[in-house]
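A.B. asks: Just need the structure, nothing else, for what follows:
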Amino acid sequence: MLDWRLVIVLGIGLGFLVGIYASVSGTGGGSLYGPIFESMLFMDVHIAIGTSLFVVFLNSISTSHAYIRQKRIDYKLSYYLILFSTPFAIAGSILTEAIVTGFDGGKAVMKLIFYAFTLAAGFYMLLKKSDKPAMAPPGACNDRWYFNQCIVDCDGIEFKYAFSFKKVVPWAMLAGFLSGFLGIGGGMVMVPAFTIICAMPAHIVVATSGFMLLFNSLVGTITKIAVDNVAILIGLIFAAGSIFGAQLGAKIAKGTKNKTLKDIISIFLVVLAVYKLVDIMFF
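C.D. replies: Take a look at the predicted model:
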């Protein structure tokens, strides 16, 4: 039986902190919400995933609103990629349900997959160095799928970059699938893809990734709700904290990113994932 007073305190407090990180990093925070729901609130893994995606969706509304005001979203790229990513978000959501209900031990298998990804995400965040943008290939401007972008934000700062649209499409598909399958929103895929493949400036990367999360998480959440995999009330409590955190995070993101915050979160994910994997496999 849940102690709802504890849930409210955890939801508002942790939701606020995760909301800050999600907005600063452009990742949606799903890599944190899922483990929190499964390990602290003792949800079944598929419910934790669905509820995580629901909170990511609500959080991305707040994040997107903040970045719309800053005028740092690449709308053209976002709308094109959403056409490719959202069908895979639906497929990922369906696959989660199929694994959990399809055979005996399905929940344990899904939990192993979930924490194996959490471990990989933690190590990736902890060990990766700064991403280096790609250079424009010779003759790329003659390619109809080569985008030359120029965005001017609310402060009058001009951002220019160019990239091949075809190279980033597979990453959008993967982000959409992981969004529905693991409830992470997909930002952990799109942030490095936008940085390395599209050669985007960091501020445009975070804003555009956060905007794409809104659509990927929406279709994934609808699918999760349809199969009753979302604890809506708990999700709303966590979202109440994260929405305010997201607004603060968007302001922080206008300056230098906080590497210390990223390292702390990375270590938390690695330790939690190792503990849960050992518990699942040996106890």
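
A.B. asks: contacts and neighbour counts: CA atoms only from here.
C.D. replies: Noted.

A.B. asks: How much space separates Phe215 from Ser209?
C.D. replies: Distance, Phe215 to Ser209, by C-alpha to C-alpha, to the nearest Å: 11 Å.

A.B. asks: Which one's more surrounded, the two?
C.D. replies: Between Phe215 and Ser209, counting by other C-alpha atoms under 10 Å, Ser209 is the more crowded of the two (30 against 23).

A.B. asks: other SSEs contacting the helix or strand containing that one?
C.D. replies: Using DSSP states H and E, Ser209 falls within helix 202-226. Packing contacts for helix 202-226, counted by 3 or more C-alpha pairs under 8 Å, 6 or more residues apart in numbering; DSSP states H and E, involve helix 4-25, helix 45-70, helix 75-102, helix 165-182, helix 187-196.

A.B. asks: hey, which of those is tucked in deepest?
C.D. replies: Across those, averaging neighbours per residue (mean count of other C-alpha atoms under 10 Å) puts helix 45-70 on top, at a mean of 27.

A.B. asks: Now name the helix or strand holding Ile280.
C.D. replies: helix 259-282.

A.B. asks: got the buried residues for that helix?
C.D. replies: Residues of helix 259-282 classed as buried by neighbour count (16 or more other C-alpha atoms under 10 Å): Lys262, Asp263, Ile265, Ser266, Ile267, Leu269, Val270, Leu272, Ala273, Lys276, Leu277.

A.B. asks: So which elements touch that helix?
C.D. replies: With contacts taken as 3+ C-alpha pairs under 8 Å, 6+ apart, helix 259-282 sits against helix 106-127.

A.B. asks: ok, 10 Å please
C.D. replies: Applying 3 or more C-alpha pairs under 10 Å, 6 or more residues apart in numbering; DSSP states H and E, we find helix 259-282 packed against helix 4-25, helix 30-39, helix 106-127.

A.B. asks: if I've got this straight, Phe147 is in a strand?
C.D. replies: Yes: under DSSP: H, G, I helix; E, B strand; the rest coil, Phe147 falls within a strand.

A.B. asks: for it, which residues make a bridge with it?
C.D. replies: With DSSP bridges applied, the residues forming beta bridges to Phe147 are Phe163.

A.B. asks: what would the helices and strands packed on helix 202-226 look like in a markdown table with mean pLDDT and distance to Leu112?
C.D. replies: Converted to a markdown table, the helices and strands packed on helix 202-226 look like this (pLDDT from 0 to 100; distance: least, C-alpha to C-alpha, whole Å):
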| stretch | mean pLDDT | distance to Leu112 |
| --- | --- | --- |
| helix 4-25 | 84 | 23 |
| helix 45-70 | 89 | 10 |
| helix 75-102 | 93 | 12 |
| helix 165-182 | 92 | 12 |
| helix 187-196 | 82 | 19 |
